[in-house]
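> Just a sequence and a predicted model for now, questions to come.
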Amino acid sequence: MTKTSISTVLLSLLAGCGASHPAANSSLNATTPEPMTVDAGVSALSNEPVVVAPTPPPAEPVRIAAGERRAIPAPLPRVTITLPRNGITVREDRVEVRLAVQHWRDVANAEDHRHIHLVLDNEPYRRIDDPSQPVVLEHLAPGTHVLRAFPGWETHETVKEPGAFAAVMFHVGRAAENFGYNPRAPMLTYSRPKGAVNGAEADRILLDFYLANIPATAMGAQGFRVRPSIDGHAMDDLTAWVPYYIENLPDGPHTIGLQLIGRDGAPVAGPFNSTEQHITVNHAAPTTPHAHPEAPAAVVPAPAADPHAGH
């Protein structure tokens, strides 16, 4: 038999085997199933819609907005520090402070929540509700100190009038060297914010200060201005003497700074013209009633005079 005949016979036999066992090629002849479609909005395990958490909106940037200066009824308030006397040197680490205030809070009226801001050096101010009572400052460091006082509204905005301000310098033990304080030079006094800022007050935080020896007409973009900073980041200069408000400040501790800038664009020299204070913001904490946004500072009464002294 020739090779061609043998090949023909083999092919016939293979064809016959294939015909007698159709299942052998069923996998080859079967229709390929279409791929399964998956709905992105349906869980493959439970067949329930997938709940996707919404993306929180981006946080609003922190900004400082200008407010309007509050009108002051006539006659204008006046503040004087009668004790300690200016330039005095005391031997103890304590000093008695007495104020004389005219045309401001009516102490007999329980609904009148105006008060006095009493500032020692660069410390947060003390709220004085009854300026007729003496205040004793204790544990004072040796050296030179400056005491400043000015009226505050019930909202803690400062009264922005040249006469509504008093300052005295005194020394504990001895005068400090190179203190650099000039009572007639342009001077910045930090007022707000301070301490804990809670609830609705945290949505719009009062940023306020008092300016001495600077005429209102001298303020402006090319004149005197105040440069604020929040947590070390400088913000736009404040070019008018009005109350300002910090908005979108998140919860937590923050450092608020104020610096007085002169007409030449340089910081103004002086021991109080660049200062920082620390606050804590908590939007969830309850807000203190508006009439009393903070508890008054503790006032230590001066000791009563001894009727037998000198006898």
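Yep, that arrived.
> can we go C-alpha only for contacts and neighbour counts from here?
Will do.
> Phi first, then psi, for Glu201.
Listed backbone geometry of Glu201 is phi -60, psi -20, with angles given as degrees, to the nearest 10.
> In this protein, what helix or strand scores lowest on average pLDDT?
One helix or strand of the chain scores below all others by mean pLDDT, DSSP states H and E: helix 26-29, with a mean of 45.
> after it, next one along is what?
strand 63-66 (DSSP states H and E).
> Give me the buried positions along that next one.
Neighbour-count burial for strand 63-66, counted by 16 or more other CA atoms under 10 Å, picks out 64, 66.
> so what secondary structure elements neighbour it?
For strand 63-66, the helices and strands in contact under the criterion 3 or more CA pairs under 8 Å, 6 or more residues apart in numbering; DSSP states H and E are strand 244-247.
> So what touches the strand it packs on?
Contacts to strand 244-247, defined as CA atoms under 8 Å, 6 or more residues apart in numbering, come from residues 62-67, 203-208.
> mind putting those residues in TSV, distance to Pro134 and pLDDT included?
Formatted as TSV, the entries for the contacts of strand 244-247 read as follows, by distance: CA to CA, whole Å; pLDDT from 0 to 100:
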residue	distance to Pro134	pLDDT
Val62	41	96
Arg63	40	97
Ile64	37	98
Ala65	37	98
Ala66	36	97
Gly67	34	97
Asp203	36	96
Arg204	34	97
Ile205	31	98
Leu206	28	98
Leu207	28	98
Asp208	26	98
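> Export those to a markdown table and append columns for distance to Thr275.
As requested, those are arranged in a markdown table below (distance: CA to CA, whole Å):
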| residue | distance to Thr275 |
| --- | --- |
| Val62 | 20 |
| Arg63 | 20 |
| Ile64 | 18 |
| Ala65 | 20 |
| Ala66 | 20 |
| Gly67 | 22 |
| Asp203 | 24 |
| Arg204 | 21 |
| Ile205 | 18 |
| Leu206 | 17 |
| Leu207 | 13 |
| Asp208 | 13 |
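> give the contact list for the closest residue to Tyr244 other than its chain neighbours.
Of all residues not flanking Tyr244 in the chain, Ala66 sits nearest, at 4.5 Å (CA to CA, 6 or more residues apart in numbering). By CA under 8 Å, 6+ apart, Ala66 lies in contact with 242-245.
> With Arg98 as the reference, measure out to Leu147.
If you measure Leu147 against Arg98 using CA to CA, to the nearest Å, the figure is 11 Å.
> actually Val107, not the one I typed
If you measure Val107 against Arg98 using CA to CA, the figure is 16 Å.
> who's more crowded, these two?
Neighbours of Val107 and Arg98, each counted by other CA atoms under 10 Å, are more numerous for Arg98; the result is 19 against 15.
> which ones are touching that one?
Contact partners of Arg98, counting by CA under 8 Å, 6+ apart, are 81-84, 131-135.
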